[in-house]
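A.B. asks: below are the sequence and a predicted model for it; my questions follow.
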Amino acid sequence: MQPSKAELYTARLTIDVTPELRGRIKVVAFQQGMTVAEMLRQLLEREFPEAEQEGAP
């Protein structure tokens, strides 16, 4: 059985963005068929990969 999202993601990150940016983010997430949280997790994983993924020991 796979762990739930609540079990996988236990740290919460809060940022302040403009209402316009929030709206753009929501539109893009909807167009891609995902939640804002899912889309931002993917973006953060791409931008900040684990050291092992970069070839570092």
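C.D. replies: Nice, I can see it.
A.B. asks: from now on I want contacts and neighbour counts done on CA atoms only, so please keep to that.
C.D. replies: OK.
A.B. asks: what's the neighbour count on Gln42?
C.D. replies: When neighbours are counted by other CA atoms under 10 Å, Gln42 registers 12.
A.B. asks: where's it relative to Val36, distance?
C.D. replies: To Val36, Gln42 is 10 Å away according to CA to CA, to the nearest Å.
A.B. asks: what does Glu20 give?
C.D. replies: Glu20 is 14 Å from Val36, by CA to CA.
A.B. asks: what about the two, which has more around it?
C.D. replies: Using other CA under 10 Å as the criterion, Glu20 and Val36 rank with Val36 on top: 17 against 9.
A.B. asks: residues contacting that one?
C.D. replies: Ile25, Lys26, Ala29, Phe30 (CA atoms under 8 Å, 6 or more residues apart in numbering).
A.B. asks: and the pLDDT for it?
C.D. replies: The model reports Val36 with a pLDDT of 97.
A.B. asks: circling back to that earlier point, selecting buried members of the contacts of Val36 in ChimeraX, what would you type?
C.D. replies: If you want just the buried ones from the contacts of Val36 in ChimeraX, going by 16 or more other CA atoms under 10 Å, the selection is:
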select :25,26,29
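A.B. asks: now intersect the contacts of Val36 with the helices, please.
C.D. replies: Under the assignment DSSP state H, these contribute Ile25, Lys26, Ala29, Phe30 to helices.
A.B. asks: which of those residues sits closest to Leu8?
C.D. replies: Ala29 (20.5 Å; CA to CA).
A.B. asks: distance check, the spatially most central residue of the chain against Tyr9.
C.D. replies: Geometric centre of the chain, nearest residue: Arg41, 1.4 Å, by CA atoms, centre = their mean. Using CA to CA, one gets 10 Å for the distance from Arg41 to Tyr9.
A.B. asks: same check on Leu44?
C.D. replies: For Leu44, the distance to Tyr9 - CA to CA - is 13 Å.
A.B. asks: make JSON lines from the contacts of Val36 and add pLDDT to it.
C.D. replies: Below are the contacts of Val36 laid out as JSON lines (pLDDT from 0 to 100):
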{"residue": "Ile25", "pLDDT": "98"}
{"residue": "Lys26", "pLDDT": "98"}
{"residue": "Ala29", "pLDDT": "98"}
{"residue": "Phe30", "pLDDT": "98"}
